[in-house]
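Novice: For reference, the sequence and a predicted model appear below.
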Amino acid sequence: MSKAIHSMVRVLDEARSIAFYDMAFGLKVADRLAFDSFTLVYLSNPESEFELELTINTGRTEPYSIGDGYGHLAFSVDDVTAEHARLTAAGLSPRKLVDFAPAGTVIARFFFIADPDGYQIEVLQRGGRYL
């Protein structure tokens, strides 16, 4: 059986991205591997074994084009309303809270936020299938 271990995004500014993911989601640097032409930074927190891999290409000065193929990362939290307020107060500009109720019953409560490179991140109320 396979096990998902990480997802990778390319970022322009290592320090800015590390600061964002720490402030927003409590992700800390678990490992940093520097090579001649790129650096890999693995971020994690005690909530999950899954890691976010940041790839920083040496000498890159132009922002990456995310294109129309990227979807989003997702994090679940105990109190999505409190997290929305905390991220707003931190100046990270989360989008509005949404109650998703396609058949009249709320099945998810969430908001989206963008990281410094424009990657979209969904933040969901923990519960149901979103543990």
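Specialist: Yep, it's here. Numbers count the residues shown, from 1 in each chain.

Novice: and the longest helix along the chain, what does it pack onto?
Specialist: If you go by DSSP state H, the chain has its longest helix at helix 14-25. If contacts are counted by 3 or more Cβ pairs under 8 Å, 6 or more residues apart in numbering; DSSP states H and E, helix 14-25 sits against strand 38-45, strand 48-57. All C-beta atoms are positioned from the backbone trio N, CA, C, and that covers glycine.

Novice: got those as JSON lines, with mean neighbour count, distance to residue 96 and mean pLDDT columns?
Specialist: Below are the helices and strands packed on helix 14-25 laid out as JSON lines (neighbours: other Cβ atoms under 10 Å; distance: least, Cβ to Cβ, whole Å; pLDDT from 0 to 100):
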{"stretch": "strand 38-45", "mean neighbour count": "17", "distance to residue 96": "25", "mean pLDDT": "97"}
{"stretch": "strand 48-57", "mean neighbour count": "16", "distance to residue 96": "24", "mean pLDDT": "96"}
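
Novice: would you turn those into CSV with distance to residue 4?
Specialist: CSV is the format used below for the helices and strands packed on helix 14-25 (distance: least, Cβ to Cβ, whole Å):
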stretch, distance to residue 4
strand 38-45, 13
strand 48-57, 6
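
Novice: Indicate which one of the ones you listed is closest to residue 84.
Specialist: Each of the helices and strands packed on helix 14-25 has some distance to residue 84 by Cβ to Cβ; the shortest is strand 38-45, at 18.8 Å.

Novice: Run through the bridge partners of the spatially most central residue of the chain.
Specialist: A centroid search over the chain (Cα atoms, centre = their mean) returns residue 121, at 4.8 Å, as the residue closest to the centre. Beta-bridge partners for residue 121, by DSSP bridges, are residue 73, residue 113.

Novice: show me what contacts the nearest residue to residue 61 once chain neighbours are set aside?
Specialist: Once its chain neighbours are removed from consideration, residue 61 has its nearest residue in residue 12; the separation is 7.8 Å (Cβ to Cβ, 6 or more residues apart in numbering). When contacts are counted by Cβ atoms under 8 Å, 6 or more residues apart in numbering, residue 12 is found next to 56, 60-64, 116-117.

Novice: Using just helix, strand and coil, how would you label residue 12?
Specialist: coil (DSSP: H, G, I helix; E, B strand; the rest coil).
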